[in-house]
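> Okay, sequence plus prediction incoming.
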Amino acid sequence: MTGIVEAQDLKAYYISRAYGVERTVKAVDGITMSVNEGEIYGIAGESGCGKSTLLKVLLGAQTPPLTVVDGSVKYHFGDEEIDVLALKENGQREIRWKKVSYIPQGSMHVLNPVRRIRDSFHDFITAHRAVSKKESYVMARDYLRDLGLPEKVLAAFPHQLSGGMRQRVTIALATILWPKLIFADEPTTALDVVVQRGVIQLLKEIQQTKGSTVVLITHDLGVHANLADRIAVLYAGKVVEEADTRTILKNPRHPYTQYLIKSLPKLDTRDERVSIPGRPPALDKPPSGCRFHPRCPLAYDKCRTEDPQVVTIEPGHRVACHLVTEEISHAAVASAQH
Amino acid sequence: MTLFKQFVLPRLVQYVIVIFVGVTITFLIPRLSPINPVDQAMSRLQSFQNADPESTLALRNSLQDLYGLNGNILTQYVNFWKRLVQGDLGPSFIAFPQKVTDIISTSIWWTVGLLGTTTVIAWLLGLILGSLSGYFPNRWWSELMDKSLITIYPIPYYILAFILLILFTYYLPIFPLVGGGQGVPRLTLDYIGSVIYHSFLPALSLVIASISFRFIISKALTSTERSSDYVQYAEMAALPKRKILFSYVIRNTMLPQVTDLGLSLGTIFEGALITEVVFGYPGLGTALYNAINSSDYNLIMGITLLSIVGIATASLLIDLSYPLFDPRIRFR
Amino acid sequence: MSTVRDLLRFSPSFRVGALILLATLVLVVLSFFSPYRPDRNRVVPTNKPPQAKYIMGTNANGQDVFWMLTFAVRDTLIVAGLAVLIGRSIGVTLGMVSGYLGGTWDRVASSIVDSFIVIPRLPLLILIAAILHGEMTLPLLGALIGLLDWAYPSKRYRAQILSLRERDFTHTAVFAGMNTLKVVIEEHLPFVIPFLLADVVSGFLFAIGFEVTLSVLGLSDLQTQSIGTMLYWGNYYNSLLANRLWVLAAPIVASILIVVGFYLVSIGLSSYLDPRTRLARMQVKTEVSEPDEPLTPELQGINA
């Protein structure tokens, strides 16, 4: 089965040159992933691990200095295959918002400050559908009503709305044309807990009513636990582990994922939360071998020299770690000997 | 009421202070001149006829009165204000007994016509070209405009005007050397045509000079806007480029742009001194230049006051109209 | 020094600008070796077109245009330099008082500045020059231009400082107990200096423009050589109608080159010193960094 989004060995670097200093930041470095239709696919990781860059490339929205140096991104809508990285401006206009949409981070000023909300809706709708001003207003009003948002926000300017309402309006603006595929970048960051909950509910509702596929990026594993069907954990531009949400939370295999899970606060215990020692590496000079080895307590010689391959250890569970790979092959050898 | 108290009132107070200071400086500076206008007027009048000492004295007194030079400087200052509020700027010195207000009102239309038109044209063109160039910085036409206007921008206006004059009246004599128009001022097609023909070169020099500044400002503003979240989001949503450029980029740069337009419209009454002198154009600038050369106090003060009031009023109006351009100010 | 080397290598506008200014400097130095005095007439044959002996020709006063140009460039730069020094001293001081002291100081300084801004400068300057007629010297002209060109700069410095005060690092530094002077010098100066440099250049452009304008109108010391007075005498003897373009071309071309040179240098400098590009130069990584979040992810919303 092919996924609705397929990334093959994707490499995207920031290549910049300023006053003779050339610098290459390998923000996405060999990522392969497949998102199934109708699921919520979570991408987790610390700040600076390349999450947002990955999202940009998956959307085909990379602009210099970000350059895709290798790999491919494909969408599958039914039988139609779209080579995202080959799309020109017109091709992008064809699919954006109608088929593929994007929800930006909550704290961003993504709404034009001098336009009323209804005019923003009008702009975004008419960029893809030939409707009149009046029709677009009606569409916006009906949609907001469906989502349970007050329709009086349509007459407001962005600065008159609260942060949470602005984010909900932005989500409505992103999904008004019922896209099959929605990319969301930290949609709940910078919102307070109660508001976050409302935004999560809204996202879930939209996804369930229309069966859209959502690719959700957040550093917040709590949000992933609440929303995602499957989670990919990113570290320094690479996928280190991918599995369904339950497996990731209950049976994480990569030492980094284990740390991430351990660092989550739990209500039933008073154990101290563990935070990961060290900082994520600078992506312009990543460590040799496994990129996590400087921070990994279990690292051994091989980790310092050899980059671990992503290995499927059980159906739907992929890990990139020498230890896990060896354990598996030992087990395989052992079972063969019996 | 709070809007009035917090928003309008401080600006009105500032306006009054500015006008007060401006008027005071205008009053003081010509009085530092070593040339006594009364003496000069006397000697000119006496060159035509010989008068007896008594009538000379009477004449001197009435002239002193007309120029507001009676009494000590404080009395003069008070009287200056008294006349001013009545709209009386006194008689001119070179064109005695013509009133300053009359001289101003004949030359002001030339200046307002020339500067009003060129200011608006240069503002619009500079804004549009600069925004286009800022939004598409890597196109060849964008770089071409950028390079040429950056070269023109720092050139002193006089040099620019002089080069145009050399080129188009001497090497390629397609425009007249001096004047504002030919024939009797009347609303005929001929006369209007002649005015446009005569004003073309001065207008061109003004447009070129101010377009380069507006271009650079617009380009910088646009580059900042381009990286704003809402422009990037609109691009992500594949809104038509034209829509983004006008409703998202340019619309958000309007506040400083309109401020600048207002301020430069306010400076119109200062007259385009250099332009008018270089191209022999019969406006306020030429009047001012002649007035300065002959120490025509009242005329200098009249034109200076006009321009101070013009600029101060323009900036007051701009301040008060901010809420129209930015909804964020409106609701604060 | 490495800054200059970097700029020369990687900023084309700085390179061209620096080259022009170097040539200007050579002219200034040459003026000290001139075989003729700037105020002497009829030392060479009059009105000769450019030739081997007089590479830029001679003028109607019997002066060698090339050597006069060296004086003109020097004197125009002296006028402009003086104007910039005086104008910026007043402007920076007032702007800093407004920006840092705030409150009543700010209100007083701002209303002085705002009142001064509306006063038309060119007519005022022409008026003063006319009053001083005959006694005007070039240094005095520079001082006058400087005394009239501080209101806009001071407004810009005030805005700049206000925005710096609002930045996060100011608050952080203040909370961390840094004293004000230290904050100003260590945290703000790096942002103010590029601004100051660009502003000094714009001051130069303004002053050169004013010098030319006033001299052309015959209001400066006409016995000295400056770009403006060269044009004045050129016009005085109708060089254009008499087909002696070289007399006018020398000061016109020189003035254009000088101002464009200054401007190009300032463009190169400010884009190099601009904190944003400086970050890009030092640390391209900022491009990829996502919003700073604590290393420990919070389990927000899950139990709410």
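The structure has been received and is ready for your questions. Numbers count the residues shown, from 1 in each chain, chains lettered A, B, ... in the order given.
> burial measure for the closest residue in space to B:G87 that isn't next to it in sequence, as a count.
Spatial nearest neighbour of B:G87, chain neighbours left out: B:T101 (7.1 Å); criterion: Cβ to Cβ, 6 or more residues apart in numbering or on different chains. No exception for glycine: its C-beta is placed from N, CA and C like everyone else's. B:T101: 17 surrounding residues under other Cβ atoms under 10 Å in any protein chain shown.
> In which helix or strand does B:T101 reside?
According to DSSP states H and E, B:T101 maps onto helix B:100-135.
> Find me the pLDDT at A:V233, would you?
A:V233 is assigned a pLDDT of 93 by the prediction.
> Provide the strand pairings for the helix or strand encompassing it, with the direction of each partner.
Following DSSP H and E, one finds A:V233 within strand A:230-235. Next to strand A:230-235 in the sheet, as set by DSSP bridges, lie strand A:40-44 (parallel), strand A:238-244 (antiparallel).
> contacts for that strand?
Strand A:230-235 is contacted by residues A:31, A:33, A:36, A:39-46, A:49-51, A:54, A:224, A:239-245, A:248, A:254, A:256-257, A:260, A:280, A:291-292, A:316 when judged by Cβ atoms under 8 Å, 6 or more residues apart in numbering or on different chains.
> Dump that strand to PDB, keeping only the CA atoms.
The C-alpha atoms that make up strand A:230-235 are tabulated as PDB, following Å, rounded to 0.1, in the frame of the first residue of the first chain:
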ATOM      1  CA  ARG A 230       1.700   7.100  14.500                       C
ATOM      2  CA  ILE A 231       4.700   9.000  15.600                       C
ATOM      3  CA  ALA A 232       8.100   9.500  14.000                       C
ATOM      4  CA  VAL A 233      10.900  10.700  16.300                       C
ATOM      5  CA  LEU A 234      13.400  13.000  14.600                       C
ATOM      6  CA  TYR A 235      16.900  13.600  15.900                       C
END
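> picking that back up, contacts only, for the residue nearest to B:G87.
B:T101 is in contact with B:G87, B:D88, B:L89, B:G302, counting by Cβ under 8 Å, 6+ apart.
> That one and chain C: what is the separation?
From B:T101 over to chain C the distance is 18 Å, taken as Cβ to the nearest Cβ, to the nearest Å.
> again, but for B:T117
B:T117 sits 21 Å away from chain C, taking Cβ to the nearest Cβ as the criterion.
> Which pLDDT value goes with that residue?
Per-residue pLDDT puts B:T117 at 92.
> same deal with B:S43?
In this prediction, B:S43 carries a pLDDT score of 72.
> Give me the distance between it and B:S92.
17 Å (Cβ to Cβ, to the nearest Å).
> who has more neighbours, those two?
For B:S43 and B:S92, the more surrounded residue by other Cβ under 10 Å is B:S92, and the numbers stand at 23 against 9.
> for the more buried one, what are its contacts?
Residues in contact with B:S92 (Cβ under 8 Å, 6+ apart) are B:Q98, B:K99, B:V100, B:I103, B:A291, B:D296, B:N298, B:L299.
> Please convert the buried members of these into ChimeraX selection syntax.
What follows is the ChimeraX syntax for the buried subset of these, where burial is set by 16 or more other Cβ atoms under 10 Å in any protein chain shown:
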select /B:99,100,103,291,296,298,299
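> Just send the contacts of B:S92 back as a markdown table, with pLDDT and distance to C:T229 too.
As requested, the contacts of B:S92 are exported to a markdown table (pLDDT from 0 to 100; distance: Cβ to Cβ, whole Å):
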| residue | pLDDT | distance to C:T229 |
| --- | --- | --- |
| B:Q98 | 79 | 35 |
| B:K99 | 83 | 37 |
| B:V100 | 83 | 33 |
| B:I103 | 85 | 31 |
| B:A291 | 83 | 24 |
| B:D296 | 78 | 26 |
| B:N298 | 81 | 31 |
| B:L299 | 85 | 28 |
